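**Student:** Dropping the sequence and predicted coords here.
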Amino acid sequence: MKRFTAILCTGVLLANAGCGFKLRSQYAVPAAMSLTYVEGDPRSQIVIGLKRSLRSSAAQLAENKDQATAVVRVFDELTGRRALSVGSDGDVTEYEIFHSVSFQRSFAGRDAEPVQTLRLTRDYVFNSRGVLSSGEEEQTLRTEMRRDLVRLIMLRLQST
């Protein structure tokens, strides 16, 4: 039985290696971003998450723009919620929440890159009898959306 398990595990590992699967690791930002300044609302969870992700990659965070080799500007962060469906009694039964953010990168001595805007939406069923649980679900979705936005920004920063 142990031999069968070992063969099965080896087969799964080989199949994963062959398909290009790899565990998520640090982001590999360009060398020109070795000293990056992040400009934006210091209380924004997107800015905080972006700084954390840059620190975990090869980049260091600059204290001011003048000493930085790259500047990432985060702005126009918008969040909201709208009703998607209404029940026969007139109560909202489903909501859509959204989170959008714009960012722009510039390198020292070069023109700024074009502004990029990311927008994520999620929807959830609202239960008027379980207002607390629906509120917790919305908060969980918003937290996940912020993490996803930071991840998407980092992927865009490393791709160029």
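**Tutor:** Cool, the structure landed. Predicted model only: the values in this text are computed from it and were never measured.

**Student:** Return the helix or strand in this protein with minimum mean pLDDT.
**Tutor:** Lowest on mean pLDDT, DSSP states H and E among the helices and strands of the chain sits helix 2-18, with a mean of 69.

**Student:** Run the chain-centre distance for the following helix or strand past it.
**Tutor:** Next helix or strand after helix 2-18 toward the C-terminus (DSSP states H and E): strand 35-39. Offset of strand 35-39 from its chain centre (Cα atoms, centre = their mean, to the nearest Å): 17 Å.

**Student:** and the helix or strand following strand 35-39, what does it pack onto?
**Tutor:** With elements assigned by DSSP H and E, the helix or strand that comes after strand 35-39 is helix 45-56. When contacts are defined as 3 or more Cβ pairs under 8 Å, 6 or more residues apart in numbering; DSSP states H and E, helix 45-56 packs onto strand 35-39, strand 60-61, strand 70-86, helix 131-159. Yep, even glycine has a C-beta here, placed from its N, CA and C like the rest.

**Student:** and the angle for helix 45-56 with helix 131-159?
**Tutor:** Helix 45-56 runs at 50 degrees relative to helix 131-159, counting by axes from the mean of the first three to the mean of the last three Cα atoms, to 10 degrees.

**Student:** quick one on the thing from earlier: now render the helices and strands packed on helix 45-56 as a markdown table, adding distance to residue 124, mean neighbour count and mean pLDDT.
**Tutor:** Output for the helices and strands packed on helix 45-56, formatted as a markdown table (distance: least, Cβ to Cβ, whole Å; neighbours: other Cβ atoms under 10 Å; pLDDT from 0 to 100):
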| stretch | distance to residue 124 | mean neighbour count | mean pLDDT |
| --- | --- | --- | --- |
| strand 35-39 | 31 | 19 | 96 |
| strand 60-61 | 35 | 14 | 95 |
| strand 70-86 | 9 | 15 | 94 |
| helix 131-159 | 5 | 15 | 89 |
